[in-house]
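> sequence first, then the predicted structure:
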Amino acid sequence: MKRRKFIKTGLLASAIPTIGGIIYGSSIKNSNIKKDPFNLLYAPHFGMFTNHSGNDLVDQIQFMYDMGFRSFEDNGMKERSITDQKRIAKIMNKLEMTMGVFVAHKIHWDFPNLTSGDKEYQDQFVNDIKDSIEVAKRVNAKWMTVVPGYIDLGKEMAYQTANVIEALRRASDVLEPHGLVMVLEPLNWWKNHAGQFLREIPQAYEICRAVNSPSCKILFDIYHQQISEGNLIPNIDKAWKEIAYFQIGDNPGRKEPTTGEINYKNIFKHIYEKKYKGVLGMEHGNSKSGKPGELAVIDAYRAVDSFL
């Protein structure tokens, strides 16, 4: 490289703002985004800020931290290489961030498994949970997502519920000695997951009470429950003793808060006042593309987090 070109390139690079050693563009420099930690542990996922951070997994987590996020979740963590899992754990330990959920088992989207009572499917599920223990230890995760699967049209709901409870009790026995928690996620029928057995918070509450284990709790996905049943704050209160995790998405659209009908500022204030110290996973898309869309996500969380 000619010296003149080298000097010009070097000057340009030195003029670009950096945070945590990562080079960020002018959109961060010219924005009024606060970098202080949020009041709650909102957890972004990979791919949410790559226009600013780049695609490297460690750089993405560093960017999340630099923007004030102190947690992170990755549904696909179990499928990542052990090398990547260790890299993720290392940067999160360094930054003292909290690991959120990952999916613990193979989810059957279109045929009954746990609802059927079939021992083969139940054994497969329990073995998946056993495998997930090693992943959880590797990445310092406490929670893992469980979805019981499709309804069995050949059985009454009471029998299906009993079958699911039996499988979850077996899985709880595996998890309890390790202090790990599977969180059951009810899913809506009307937009995303028609036919899934678990779809409402009272149903999940009943199952968790029956399993009666500290390793079996509820994942309250606010997006899904707004569609399935609404009545969000009262249901949070009624199920509170069994809720261990939240996920976020506005409706309609499943994008960041402030883009739909859900009053997230009030909900977050309510959760905060109940002394919740856990993670709230940002399981939604960005409403706009590119760097402006990424900044809009951060701005939205600053807006709904300003409840104090």
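Good, I have the coordinates. Residues are numbered from 1 along each chain as shown.
> Tyr159 - nearest residue in space that isn't next to it in sequence?
Spatial nearest neighbour of Tyr159, excluding adjacent residues (Cβ to Cβ, 6 or more residues apart in numbering): Gly117 at 7.4 Å. For every residue, glycine as well, the C-beta is placed using N, CA and C.
> list of residues touching the helix of greatest length in the chain?
Longest helix of the chain, by residue count under DSSP state H: helix 119-139. Contacts with helix 119-139, where a contact means Cβ atoms under 8 Å, 6 or more residues apart in numbering, come from 77-78, 82, 85-86, 88-89, 92, 99, 102, 104-106, 108, 113-114, 141-142, 144, 166-167, 170-171, 174-175, 178, 180, 182.
> what's the answer for stretch 185-202, then?
109-110, 112, 114-115, 145-152, 160, 164, 184, 203-204, 207, 218-221, 223-225, 227-229, 235, 238-239, 247.
> please pick the buried ones from the residues you listed.
112, 114-115, 145-152, 160, 164, 184, 203-204, 207, 218-221, 223-225, 227-229, 235, 239, 247 (16 or more other Cβ atoms under 10 Å).
> counting only helices, which of the residues you listed make the cut?
Those of the buried ones among the contacts of stretch 185-202 lying in helices (DSSP H): 160, 164, 203-204, 207, 223-225, 227-228, 235.
> quick check: Phe38 is in a helix.
No - judged by DSSP: H, G, I helix; E, B strand; the rest coil, Phe38 forms no part of a helix; its state is coil.
> what's the distance between it and Ser228?
27 Å (Cβ to Cβ, to the nearest Å).
> and for Asp56?
In terms of Cβ to Cβ, Asp56 sits 37 Å off from Ser228.
> and Val164, by the same measure?
From Val164 to Ser228 the distance is 18 Å (Cβ to Cβ).
> cool, Ile91 as well?
36 Å.
> cool, and Thr98?
Taking Cβ to Cβ, one finds Thr98 at 27 Å from Ser228.
> what about the strands in the stretch 201-308 of the chain?
216-221, 243-247, 279-281 (DSSP state E, counting those that start in this stretch).
> tell me which residues in the shortest one are buried?
This means strand 279-281. 279-281.
> what's the answer for the second one, then?
Of the residues in strand 243-247, those buried under the neighbour-count criterion (16+ other Cβ under 10 Å) are 243-247.
> by contact count, what packs against it?
strand 181-184, strand 216-221, helix 222-228, strand 279-281 (3 or more Cβ pairs under 8 Å, 6 or more residues apart in numbering; DSSP states H and E).
> can you give me the mean pLDDT across the last one?
Per-residue pLDDT values across strand 279-281 average out to 98.
> so which residues make contact with that strand?
So strand 279-281 is contacted by 40-43, 45, 71, 73, 98, 100-101, 143, 245-248, 268, 271 (Cβ under 8 Å, 6+ apart).
> what do you get for the first one?
Applying Cβ under 8 Å, 6+ apart, the external contacts of strand 181-184 come out as 101, 104, 129, 142-148, 168, 171-172, 175, 198, 204, 207-208, 214-219, 244-245.
> partner strands of it, with direction?
Paired neighbours of strand 181-184 in the sheet (DSSP bridges): strand 143-146 (parallel), strand 216-221 (parallel).
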